[in-house]
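J.: here is the input, now give the coordinates:
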Amino acid sequence: MSLVKDKLFENIFTHAHGGIAIVSLEGKWLKVNKSICELFGYTEDELYSFSFQALTHRDDLDADLESMHQLTEGEIDNYQTEKRYFHKKGHVIWTLLSVSLVKDLEGKPLYFVSQIIDISAQKSANWHLQFLMNVVKGQNEKLNDFARIATHDIRTHVGNLSSLTEFLEEDITAIKNNENYKMLKESISNLDETIQHLNDIRLDEPKKYNSLNTLRLYDYVKKALYNISAIAKKEQCEIVNRVDKDVLILGIEAYLDSIILNFITNAIKYKSPNQTPIIEITTTTKDAFVILKIKDNGQGINLEKNKNKLFTLNGTFHKHHDSRGVGLYITKNHIESIGGKIEVESEVGVGTCFSIYLLKA
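T.: Numbering: from 1, shown residues only. From the prediction side, this is the model:
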């Protein structure tokens, strides 16, 4: 029975996927399995000719020796640590080292049993992730600085424009009744409100479904249509607003402004050259969502060809001089950040319908 057990343990030791080694109290390799040899690039005989200290990175050696000392003194039962070794070819190997001590019947230390697992790939991935996180952190800091400067400086210009409208009203009394002037003044007011919403986001930094407000969707659609009324007039675009006046959604003011504006301006931008552009905006409800549908009769999108890059950064699918492939990417992120989602139906030469799912209040 003892021979069977010995053979079993021998097989486990030899064929174990992870590295297993028996190490003397002085650090000499007494017995190593195949995985240890593959890990370090040495043959068994080569490993038996020197100690583990010779392969250990000097920055990790003192800590390892101290832990071994605590083991032999009975201060700890075992230890585990991340440790660097040198491969035969000279490169560094990151490992997870687990060590326990074997004693005789009288409690005298005999040798160490070490399990060594290669974690070089994981460490490399962690370093790469940390590098990317540092890049993102730097970019976020730059964006925050930009947002701080932009909201301050643009607000200054908006204040200046508001003052100019007041001067115009004082000098030209009749201008108050001019429709184009009314549109200009209302647009300046809406711009000021949008900047305030953006500033609130910068200061509060809302996360996912936190800080969502109850908003009347119709009001935001109406404001968006007013803000682009001059563009719609210039492009001779007919916009039909059939949004339910009573429906309430959960969202963030600046995000909702941006979402609606982006889809409407895109519908105008990518109008068909062969017919009068018509945009129809409607709402329906489904489960926990209000679905805002923005449908146009424009150029349409070849979804079979472009579906995978529709909402990607720099993904463009029309040869328009103003296409940057950024708007839909940002808009999708805004929608998802407030708990929604987006679907699209489109046919080239017929038009497009975006369905924007927003959380129902």
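J.: where along the protein do the helices fall?
T.: Along the chain, counting by DSSP state H, helices occupy 2-15, 34-40, 44-48, 58-72, 120-171, 179-204, 217-227, 229-234, 253-269, 303-306, 327-337.
J.: what would those helices look like in TSV with mean neighbour count, mean pLDDT and distance to residue 282?
T.: No exception for glycine: its C-beta is placed from N, CA and C like everyone else's. Below are the helices of the chain laid out as TSV (neighbours: other CB atoms under 10 Å; pLDDT from 0 to 100; distance: least, CB to CB, whole Å):
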stretch	mean neighbour count	mean pLDDT	distance to residue 282
helix 2-15	10	55	67
helix 34-40	19	90	64
helix 44-48	14	92	75
helix 58-72	14	93	66
helix 120-171	12	76	32
helix 179-204	15	73	23
helix 217-227	19	90	10
helix 229-234	14	82	18
helix 253-269	22	87	13
helix 303-306	12	76	21
helix 327-337	18	81	17
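J.: got CSV for those helices, with distance to residue 350 too?
T.: Shown next, in CSV, are these (distance: least, CB to CB, whole Å):
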stretch, distance to residue 350
helix 2-15, 65
helix 34-40, 62
helix 44-48, 72
helix 58-72, 66
helix 120-171, 38
helix 179-204, 32
helix 217-227, 23
helix 229-234, 21
helix 253-269, 13
helix 303-306, 12
helix 327-337, 19
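J.: between these, which gets nearest to residue 109?
T.: Closest to residue 109 of the helices of the chain is helix 58-72 (CB to CB; 4.9 Å).
J.: list the contacts of the closest one.
T.: With contact meaning CB atoms under 8 Å, 6 or more residues apart in numbering, helix 58-72 is reached by 25, 53, 56, 76-79, 81, 83-84, 97, 99-101, 109, 112.
J.: buried among those? Need that as a selection in ChimeraX.
T.: Entered in ChimeraX, the line below selects the buried ones among those, by 16 or more other CB atoms under 10 Å:
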select :56,79,83,84,97,99,101,112
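J.: which non-adjacent residue is nearest residue 229?
T.: residue 183 (5.9 Å; CB to CB, 6 or more residues apart in numbering).
J.: and the gap between that neighbour and residue 136?
T.: 41 Å (CB to CB, to the nearest Å).
J.: which among the helices of the chain is found nearest to residue 93?
T.: Using CB to CB and comparing the helices of the chain, the one that lies nearest residue 93 is helix 120-171, at 5.6 Å.
J.: just checking, what packs against that closest one?
T.: Where contact means 3 or more CB pairs under 8 Å, 6 or more residues apart in numbering; DSSP states H and E, helix 120-171 is packed against strand 92-103, helix 179-204.
J.: turn these into a markdown table, columns for distance to residue 222.
T.: Shown next, in a markdown table, are the helices and strands packed on helix 120-171 (distance: least, CB to CB, whole Å):
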| stretch | distance to residue 222 |
| --- | --- |
| strand 92-103 | 60 |
| helix 179-204 | 11 |
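J.: of the contacts of helix 58-72, closest to residue 238?
T.: Nearest to residue 238 among the contacts of helix 58-72, with distances taken as CB to CB, is residue 84, at 69.7 Å.
J.: find the nearest non-adjacent residue to that closest one, please.
T.: Going by CB to CB, 6+ apart, residue 84 has residue 57 as its nearest residue, at 3.6 Å.
J.: do residue 231 as well
T.: In space, residue 231 is closest to residue 268, 6.1 Å off (CB to CB, 6+ apart).
J.: and the one you found, how far is that from residue 225?
T.: 11 Å.
J.: need the overlap of contacts for the two.
T.: residue 232.
J.: if we can go back for a sec, my read: the residue nearest to residue 84 touches residue 91, true?
T.: No - in this structure, residue 57 is not within contact of residue 91 by CB atoms under 8 Å, at 11.2 Å.
J.: look at the two and report which has more neighbours.
T.: A direct count of neighbours by other CB atoms under 10 Å for residue 57 and residue 91 places residue 57 higher, at 14 against 9.
J.: and that one, how far from residue 265?
T.: Taken as CB to CB, the span from residue 57 to residue 265 is 58 Å.
J.: what does residue 70 give?
T.: 68 Å.
J.: could you find the closest non-adjacent residue to residue 102?
T.: residue 110 is the one closest to residue 102 (CB to CB, 6+ apart), at 5.0 Å.
J.: please read the previous query as pertaining to residue 180.
T.: Using CB to CB, 6+ apart, the closest residue to residue 180 is residue 230 (7.9 Å).
J.: quick one, what contacts the one you found?
T.: Applying CB under 8 Å, 6+ apart, the residues contacting residue 230 are 180, 183, 187.
J.: now the strands for the stretch 251-361 of the chain?
T.: Secondary structure of the stretch 251-361 of the chain (DSSP state E, counting those that start in this stretch): strands at 278-286, 289-296, 341-347, 351-359.
J.: in terms of secondary structure, what does the shortest one contact?
T.: When contacts are defined as 3+ CB pairs under 8 Å, 6+ apart, strand 341-347 packs onto helix 327-337, strand 351-359.
J.: adjacent strands (with direction) for the last one?
T.: When you say that, I think you mean strand 351-359. strand 289-296 (antiparallel), strand 341-347 (antiparallel) (DSSP bridges).
J.: all good on my end, thank you.
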